[in-house]
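Trainee: Prediction below, plus the sequence it came from.
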Amino acid sequence: MPLISEQHFRSVENLVFEWARAIDENRVEAICELLVPQGRYTVTSRFNSDRGLPMAIIDCHSAAQLRDRIKSMRLANVYEPQHYRHLISGVQIVAAEHGLLEVRSNFVVVRTLELDGDIKLFASGQCQDRVDISQGEPRFVQRRFIYDSRAVETLMIIPL
Amino acid sequence: MSPVVGLRPWPTQGFTRVPYWVYSDPQVYALEQARIFQGRSWHYLGLEAEVPEPGCYKTTYIGEQSVLLTRAEDGSLHAMLNRCAHRGNMVCREAFGQTKKLYCVYHAWSYKLNGELSHAAFQHGLRGEGGLPTDFKLAEHGLRQLRVATLCGLVFASFSAEVEPLEDWLGEVASGIRRVLHKPLKVLGYDTQRIHANWKAYHENPRDSYHANILHTFYGTFGLSRQSQESGMVLDQHGRHVYFFTKAGTEKTSADYQATASNLRSHNDALSLEDPSILKWQDEFGDGVSVQILTAYPSFVLHQIANSLATRQLLPKGPGQCDLVWTYFGFADDDEATTRRRLAQANLAGSAGLISVEDAAVCEMMHRAISDGASGESFIEMGGRELDSGGASKLSERAIRNFWHNYRQDMGL
């Protein structure tokens, strides 16, 4: 693996944090700008991933599909008002090739329900990302969230 | 069924009213385990494709009982309690596996794949000391066996020796299974949704054709299922099971539909998709049906939503919680494009489903509004007050009235 500069590392780490902060601040639409137009955004369970099963509970093949999902969340779907808080650790660049960086990080998402203030650890897991640094500002070519539990509490309407 | 002592009486109107205490009372919950989940019903365990070879097993549940599904050396399927006959330890701890024998780690009792006990460690003691009584017979200490039956690759089991054969039990509704599952299956993945509501609140939901085109904006807005489209409902002769279907692209508009639709939040003109490829579906069964939702009493759903195919297994986890286990699949001979389409449309259902995410939300909101357990009852008269009133119209709660009719019979309530 070629040497990863400190600057690359900082900009990748910042990209990962930007995604999380946009969601936590309820600017969810902004994450679509962090994915290249033909990028892939996937949320799947470790249970499926470990078994090589391709089905994912969220699988967007483009930034447009991710925008559609967020639009549906805003306009169509019914759910209890809720917020996320992402805790992210262990951001690492594990490989680099042709201007693409393979990035890993851990996430924990705490979900708070607005009505009665219920607060719960909602998801934990690993992100397996591919980041393009060849076009100036780094952007995700692939974001793959693998959550550890096979079960989802109630529903996942806000993207991770 | 003997009447239950100590419970309040059911409302005099019968199956058009459901007292809210049945969704939260712990005594009712315990009775359901005995009289429904271990009673005269068939329960979905999984797909034959999940245990494809001899030695394959799957661990699952019927009600709260841990159950094993195995395939023996001769290819036969077996279902049994996943509980050692010795001291009750769980025999298999993996969701899926392949093994030559079923081995309890606690005291090394081991069982054949059909559940018969083959060995108990130190049965004869050691150097003349210890050991099981001399009249101990291996044959009397196998894992508790359940009846097993299959239909089109689905595996069901029952604790009951009396319940009629599976296909008779499903009756006319079996035709909805045969329509979809017409060749060997291939699993695409799983999704477990943990719902904080009583299991019956969820069971009623896919039986409820009245809500489908009202609550679910995504359905109506994109035309996959609308009340104005050709549709219908089929129940078995006892009303235990039901399936609904809708044919996209068969709009029959009318003045009264237009008047109602303008008030539905499910027709949302502001919602158009930038990338509608997710909605492109193929009429793979050649009958124009875009959505078919089939519910078998008390804990099974099979859905076809466009080209997304899945089973849902409902597992009660106490009076106020249930797990809904979704198993997505395609056919073994699907080409890559077909598999891609099924995976894309898996976005429509499940824990993060663009269409169905509402269902769990509604179950939980309902649970919180009724779970004082002391007062109130529902009103279930859409389509009429009789078991058969409402006919084949989806604008009817006929299938829900029939559920409660069967439930009360099984429970003695």
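Mentor: On my side now, so go ahead.
Trainee: burial count for the residue nearest to residue B:165 when sequence neighbours are not counted?
Mentor: The shortest distance from residue B:165 to any residue other than its chain neighbours is 6.6 Å, reached at residue B:149 (C-beta to C-beta, 6 or more residues apart in numbering or on different chains). All C-beta spots, glycine's among them, are computed from the backbone N, C-alpha and C. Using other C-beta atoms under 10 Å in any protein chain shown, residue B:149 has 18 neighbouring residues.
Trainee: now swap in residue B:82 and tell me
Mentor: If you count neighbours by other C-beta under 10 Å, residue B:82 ends up with 22.
Trainee: And the pLDDT at it?
Mentor: Residue B:82 is assigned 98 on the pLDDT scale.
Trainee: repeat for residue B:194
Mentor: Per-residue confidence (pLDDT) for residue B:194: 97.
Trainee: Right, and chain A sits closest to which residue of chain B?
Mentor: Closest contact between chain B and chain A, by C-beta to the nearest C-beta, is at residue B:189 (2.5 Å).
Trainee: Run through the bridge partners of that residue.
Mentor: In this entry, residue B:189 is beta-bridged to residue B:328, by DSSP bridges.
Trainee: and the residue nearest to residue B:165, what is it in contact with?
Mentor: The neighbourhood of residue B:149, defined by C-beta atoms under 8 Å, 6 or more residues apart in numbering or on different chains, consists of B:42, B:155, B:156, B:157, B:158, B:165, B:166, B:167.
Trainee: let's see 10 Å
Mentor: By C-beta atoms under 10 Å, 6 or more residues apart in numbering or on different chains, the contact list for residue B:149 reads B:42, B:77, B:79, B:155-158, B:163, B:165-167, B:169-170.
Trainee: Name the nearest residue to residue B:324, ignoring sequence neighbours.
Mentor: The shortest distance from residue B:324 to any non-neighbouring residue, by C-beta to C-beta, 6+ apart, is to residue B:193 (4.4 Å).
Trainee: secondary structure class for that neighbour?
Mentor: strand (DSSP: H, G, I helix; E, B strand; the rest coil).
Trainee: Relative to residue A:50, how far out is it?
Mentor: 19 Å (C-beta to C-beta, to the nearest Å).
Trainee: So between these two, which is more surrounded?
Mentor: residue B:193 (26 against 10).
Trainee: what's near enough to touch that one?
Mentor: Residue B:193 neighbours (C-beta under 10 Å, 6+ apart): A:57, A:151-156, B:202, B:312, B:322-326, B:350-353, B:356-357, B:359-360.
Trainee: Could you do residue B:54 as well?
Mentor: The contact partners of residue B:54, taken as C-beta under 10 Å, 6+ apart, are B:70, B:71, B:72, B:73, B:74, B:75, B:76, B:98, B:100, B:113.
Trainee: pLDDT weak spots in chain B?
Mentor: Counting by pLDDT under 70, chain B shows low-confidence ranges at B:1-5, B:222-223, B:252-269.
Trainee: again with chain A
Mentor: A:1-3.
Trainee: How many neighbouring residues does the residue in it that chain B sits nearest to have?
Mentor: Proximity of chain A to chain B (C-beta to the nearest C-beta) peaks at residue A:55, 2.5 Å away. Neighbour count for residue A:55, taken as other C-beta under 10 Å: 25.
Trainee: So it sits against residue B:351, correct?
Mentor: No: if you go by C-beta atoms under 10 Å, residue A:55 and residue B:351 don't touch, sitting 11.6 Å apart.
Trainee: got a list of what the residue of chain A most remote from its centre touches?
Mentor: Largest separation from the mean C-alpha position in chain A: residue A:116, at 26.9 Å (C-alpha atoms, centre = their mean). Residues in contact with residue A:116 (C-beta under 10 Å, 6+ apart) are A:80, B:368.
Trainee: Return the residues of the stretch 101-250 of chain B in contact with chain A.
Mentor: Proximity of the stretch 101-250 of chain B to chain A (C-beta under 10 Å from any C-beta of the partner chain) is limited to residues B:187-197, B:215-222.
Trainee: show me where chain A has helices.
Mentor: A:6-24, A:46-50, A:63-75 (DSSP state H).
Trainee: Which of these sits closest to residue A:95?
Mentor: Evaluated with C-beta to C-beta, the helices of chain A place helix A:6-24 nearest to residue A:95, the distance being 12.3 Å.
Trainee: Pop out the phi and psi values for residue B:174.
Mentor: In terms of degrees, to the nearest 10, the main-chain angles of residue B:174 are phi -60, psi -30.
Trainee: can you tell me the helix or strand for the residue lying closest to it once chain neighbours are set aside?
Mentor: Take residue B:174 and drop its neighbours on the chain: the residue closest to it by C-beta to C-beta, 6+ apart is residue B:167, 5.4 Å away. Using DSSP states H and E, residue B:167 falls within helix B:166-170.
Trainee: Tell me which residues of the helix or strand that that helix is followed by come out buried.
Mentor: With elements assigned by DSSP H and E, the helix or strand that comes after helix B:166-170 is helix B:174-180. Of the residues in helix B:174-180, B:174, B:176, B:177, B:179, B:180 count as buried by neighbour count, 16 or more other C-beta atoms under 10 Å in any protein chain shown.
Trainee: Pull the distance from helix B:174-180 to the chain's centre.
Mentor: The chain centroid and the centroid of helix B:174-180 are separated by 15 Å under C-alpha atoms, centre = their mean, to the nearest Å.
Trainee: swap in stretch B:292-304?
Mentor: That offset, for stretch B:292-304, works out to 6 Å (C-alpha atoms, centre = their mean).
Trainee: how many other residues sit next to the residue lying closest to residue B:65 once chain neighbours are set aside?
Mentor: Nearest residue to residue B:65 in three dimensions, chain neighbours excluded: residue B:81, at 6.2 Å (C-beta to C-beta, 6+ apart). Applying other C-beta under 10 Å, we find 20 residues neighbouring residue B:81.
Trainee: if I pick residue B:81, what's in contact with it?
Mentor: B:62, B:65-68, B:88, B:90-91, B:115, B:143-146, B:159.
Trainee: Tell me, how many residues neighbour residue 56?
Mentor: Reading this off chain A. Neighbour number of residue A:56 under other C-beta under 10 Å is 27.
Trainee: Please refer instead to chain B.
Mentor: For residue B:56, the neighbour count with other C-beta under 10 Å is 19.
Trainee: and if you look at residue B:134?
Mentor: Residue B:134, neighbours per other C-beta under 10 Å, totals 6.
Trainee: Kindly report the same for residue B:370.
Mentor: Counted with other C-beta under 10 Å, residue B:370 comes out at 23.
Trainee: pretty sure it contacts residue B:320?
Mentor: No: here residue B:370 does not reach residue B:320: they are 11.1 Å apart, not a contact under C-beta under 10 Å.
Trainee: joint contacts of these two?
Mentor: B:23, B:24, B:197, B:198, B:201.
Trainee: Now for the residue nearest to residue B:173 when sequence neighbours are not counted: which residues touch it?
Mentor: Spatially, and ignoring its direct neighbours in sequence, residue B:173 is nearest to residue B:241 (3.9 Å; C-beta to C-beta, 6+ apart). By C-beta under 10 Å, 6+ apart, the contact list for residue B:241 reads B:169-174, B:176-177, B:207, B:234-235, B:294-298, B:300, B:399, B:402-403, B:406.
Trainee: Which strand residues bridge the residue nearest to the spatial centre of chain B?
Mentor: By C-alpha atoms, centre = their mean, chain B has its centre lying nearest to residue B:300, at 1.8 Å. Residues in a beta bridge with residue B:300, per DSSP bridges, are residue B:296, residue B:313.
Trainee: That one: what's it in contact with?
Mentor: For residue B:300, the contact set (C-beta under 10 Å, 6+ apart) comprises B:41-45, B:154, B:156, B:170, B:177, B:203, B:206, B:241, B:294, B:311-314.
Trainee: Filter those down to the ones in helices?
Mentor: The helices, defined by DSSP H, take in B:170, B:177, B:203, B:206 from these.
Trainee: By neighbour count, which of the residues you listed wins?
Mentor: residue B:170 (26 neighbours).
Trainee: And the nearest residue to residue A:143 once chain neighbours are set aside, how far from residue A:56?
Mentor: Excluding the flanking residues, the one nearest residue A:143 by C-beta to C-beta, 6+ apart is residue A:41, at 4.9 Å. For residue A:41, the distance to residue A:56 (C-beta to C-beta) stands at 10 Å.
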